[in-house]
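J.: would you be able to build a 3D model of this:
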Amino acid sequence: MESVIEFFTSNKDIIFIVILMIFVGVEVIGNVPAVLHTPLMSGANAIHGVVIIGAILVMLDSEPTNYLALSLGFLAVLLGTLNVVGGFVVTDRMLEMFKKKK
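T.: The predicted structure is shown next:
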């Protein structure tokens with residue numbers, strides 16, 4: 001318990017910034033008009049691509065016997081890939097709505 005308290009006291013500035021970023025992100029994303037949703041989704045797909053690369057690099061640097069790091073890295077790669085593919089599918093379906101019908 002003392003190590004948790006020590007962690008929070010030594011990193012209180014970073015924790016405060018992360019909490020502030022969460023509130024600002026929710027406020028910004030919540031006020032995005034529907035017209036900008038497709039470009040925003042494309043940007044989110046690019047960011048999740050970076051997350052996948054980061055998760056792969058973390059898995060490469062972990063010890064082969066560290067099963068927790070390897071399983072969390074695998075889960076991050078899997079969920080990031082699902083998010084990227086799902087985002088592209090949703091973006092493609094939204095763009096199909098704007099095409100002229102034959």
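J.: please make it C-alpha for all contacts and neighbour counts, starting now.
T.: Will do.
J.: list the helices and strands the worst-scoring helix or strand of the chain on mean pLDDT packs on?
T.: Lowest on mean pLDDT, DSSP states H and E among the helices and strands of the chain sits helix 37-61, with a mean of 79. Applying 3 or more Cα pairs under 8 Å, 6 or more residues apart in numbering; DSSP states H and E, we find helix 37-61 packed against helix 67-96.
J.: for residue 56, what are its contacts?
T.: Counting by Cα atoms under 8 Å, 6 or more residues apart in numbering, residue 56 makes contact with 73-74, 77.
J.: give me that answer again for 10 Å
T.: Contacts for residue 56 (Cα atoms under 10 Å, 6 or more residues apart in numbering) come out as 50, 70, 73-74, 76-77.
J.: re the thing from before, how far does the least confident helix or strand of the chain sit from the chain's center?
T.: Distance of helix 37-61 from the chain centroid (Cα atoms, centre = their mean, to the nearest Å) equals 7 Å.
J.: could you give the angle of that helix to helix 67-96?
T.: 160 degrees (axes from the mean of the first three to the mean of the last three Cα atoms, to 10 degrees).
J.: next, residue 65: secondary structure please.
T.: coil (DSSP: H, G, I helix; E, B strand; the rest coil).
J.: how much space separates it from residue 91?
T.: To residue 91, residue 65 is 40 Å away according to Cα to Cα, to the nearest Å.
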